[in-house]
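Next input, structure requested:
(one chain, ligands or ions: 1)
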Amino acid sequence: MEQSTIAPQDESALVAAFEARIAAGESIEPKDWMPERYRKQLVRMMSQHAHSEVVGMLPEGNWITRAPSLRRKMSLIAKVQDEAGHGLYIYCGTETLGVDRQELIEQLVDGRAKYSSIFNYPTLSWADMGVIGWLVDGAAIVNQTILAKTSYGPYARAMVRICKEENFHKRQGYEICATLARGTPAQREMLQDAVNRFWWPALMMFGPSDTDSPNSAELLKWRVKRKTNDELRQRFVNLTVPQAIAIGITLPDPDLAFNEATGNWEFGEIDWTEFFQVIGGEGPCNRERLAARREAHDEGAWVREAAAAHAAKQQRSGTQAA
Ligand code: FAQ
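Numbers count the residues shown, from 1 in each chain. Okay, here's the model as predicted:
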């Protein structure tokens, strides 16, 4: 690419100017010069994020036909559609870095790409729909509110809109949880069981601990990330524990305790073996999720062909008219 023809002394001047812009809080835009590593890191992180939104439709899509009322069904359909939209914004944002969406999607369907660990857990009851909104969208908001200030302009702008929608999802999820918590003993039990299954995987969404996070140093230096994995995880715990107390739900961690001195809710050790197994493809639903994505991709081939034929036709008639 263009950048490989730059002499090393010029490249270091460009890097210094780029880093000075970042230090001054400027946003980096697609046509601006950027180090190749910055571009690569963003493509990695943004494409994983886009894939997560798309795969994230599957666990909830599973419950659309079984929602307990028309109101619940409508809001669940809307939520799942929103997640598809988020995936599309972020794929578009990633394309501004010079990669083709088709290539990224191929990486997902052939199993080379990562997506969030959380979507490799099964959704076993209706309470899971409440808990996903409350905890999973809740964790995503904590992460993405900070990403709305990331140094790459298109990603930051996508996050502003996405966070507004995720906030809505979180509220509707928490409302489902609050309703079940006020319900019959069986409903409370179903909710507690869902919280027990999703609490630890929700904490894993923030990634490995800071001491074990190979990408963080570079991402923090270039202000792609503005907070570390552990800082965001702690913020999520601090926000969520009072919400659990408010609806009388127990979080499945005997070590959870408030530290008056730090103002933090301290929590127990995360099972990192489980985390690395899940991101390595060996989680409870990894194979099922990828098979479902592949099937949807194959079934959508005719739509892509029709859209491409339509675009070519439009282009031909535009050329003739000119
Ligand atoms: N799952 O060095 P780090 C949502 C990988 S959206 C899978 O710490 P980094 C909305 C990581 O990629 C949820 N893999 O990495 C919704 C790296 O692998 P690589 C998605 C993970 O990038 C709600 C390796 O481990 N959100 O939920 C995970 O500095 C409801 C080492 O890790 C985003 O993607 C994980 N949990 O920090 C949708 C937000 N954690 O590539 C539907 C943007 C780490 O070197 C329904 N991303 N890995 O092979 C980020 O903020 C960051 O990329 C982190 C990871 C924090 C996820």
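
Quick check, the residue in the stretch 51-200 of the chain closest to the ligand?
Of all residues in the stretch 51-200 of the chain, residue 56 sits closest to the ligand, with a separation of 2.5 Å (CB to the nearest ligand atom). All C-beta spots, glycine's among them, are computed from the backbone N, C-alpha and C.

roughly how far apart are that residue and residue 15?
Distance of residue 56 to residue 15, computed by CB to CB, to the nearest Å: 36 Å.

for the ligand, what are the nearby residues on this protein?
Selection of the chain residues close to the ligand by CB under 6 Å from any ligand atom yields 44-45, 48-49, 52-53, 56, 83, 114, 116-117, 132, 136-137, 140, 143, 204-208, 213-216, 219, 229, 279.

can you rerun that using 5 Å?
45, 49, 52-53, 56, 83, 114, 116-117, 136-137, 140, 205, 207, 213-216, 279 (CB under 5 Å from any ligand atom).

Just the buried residues of those.
45, 49, 52-53, 56, 83, 114, 116-117, 136-137, 140, 205, 207, 213, 216, 279 (16 or more other CB atoms under 10 Å).

Inside strands: which ones of the residues you listed?
Among those, no residue falls in strands (DSSP state E).

what does stretch 57-64 contact?
The contact list for stretch 57-64 (CB atoms under 8 Å, 6 or more residues apart in numbering) reads 73, 76-77, 79-80, 83-84, 119, 121-123, 126, 128-129, 132, 285, 289, 292-293.

Could you pull out the buried residues of that stretch?
For stretch 57-64, using 16+ other CB under 10 Å, the buried residues are 57-63.

Can you add secondary structure, distance to residue 165 and pLDDT and give those residues back as JSON lines?
Output for these, formatted as JSON lines (DSSP: H, G, I helix; E, B strand; the rest coil; distance: CB to CB, whole Å; pLDDT from 0 to 100):
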{"residue": "57", "secondary structure": "helix", "distance to residue 165": "14", "pLDDT": "97"}
{"residue": "58", "secondary structure": "helix", "distance to residue 165": "18", "pLDDT": "97"}
{"residue": "59", "secondary structure": "helix", "distance to residue 165": "18", "pLDDT": "97"}
{"residue": "60", "secondary structure": "helix", "distance to residue 165": "14", "pLDDT": "97"}
{"residue": "61", "secondary structure": "helix", "distance to residue 165": "17", "pLDDT": "96"}
{"residue": "62", "secondary structure": "coil", "distance to residue 165": "20", "pLDDT": "92"}
{"residue": "63", "secondary structure": "coil", "distance to residue 165": "19", "pLDDT": "97"}
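
Show me what the mean pLDDT comes to for the longest helix along the chain.
Determined from DSSP state H, the single longest helix within the chain is helix 153-181. On average, the pLDDT along helix 153-181 is 96.

Packing partners of it?
Identification of packing neighbours for helix 153-181 by 3 or more CB pairs under 8 Å, 6 or more residues apart in numbering; DSSP states H and E yields helix 70-95, helix 127-131, helix 138-147, helix 185-204.

and the ones you listed, which is most packed in?
Ranked by average neighbour count under the criterion mean count of other CB atoms under 10 Å, the helices and strands packed on helix 153-181 are headed by helix 127-131 at a mean of 26.

Skip the chain neighbours and tell me the closest residue to residue 107.
Of all residues not flanking residue 107 in the chain, residue 113 sits nearest, at 4.0 Å (CB to CB, 6 or more residues apart in numbering).

and if you look at residue 277?
residue 283 (6.5 Å).

any idea how far that neighbour lies from residue 83?
19 Å.

try residue 261
For residue 261, the distance to residue 83 - CB to CB - is 39 Å.

Same question for residue 313.
Using CB to CB, one gets 31 Å for the distance from residue 313 to residue 83.

Equivalent analysis for residue 318, please.
Residue 318 is 34 Å from residue 83, by CB to CB.

Same check on residue 41?
In terms of CB to CB, residue 41 sits 24 Å off from residue 83.

Enumerate every residue touching the residue of the stretch 51-200 of the chain closest to the ligand.
83, 115-116, 118-119, 136.

Show the pLDDT at it.
Reading off the model, residue 56 has pLDDT 97.

tell me the phi and psi of it?
The phi/psi pair for residue 56 (degrees, to the nearest 10) reads phi -60, psi -10.

what separates it from residue 166, distance-wise?
Separation of residue 56 from residue 166 (CB to CB): 11 Å.

Residue 228 too?
Residue 228 is 21 Å from residue 166, where distance means CB to CB.

With residue 291 instead?
27 Å.

who has more neighbours, these two?
residue 166 (26 against 12; other CB atoms under 10 Å).

surely the more buried one meets residue 144?
Yes: between residue 166 and residue 144 there is a contact under CB atoms under 8 Å: 6.6 Å.

element containing residue 224, please.
If you go by DSSP states H and E, residue 224 is not part of any helix or strand.

Which residue, neighbours along the chain excluded, lies closest to it?
Using CB to CB, 6+ apart, the closest residue to residue 224 is residue 150 (5.4 Å).
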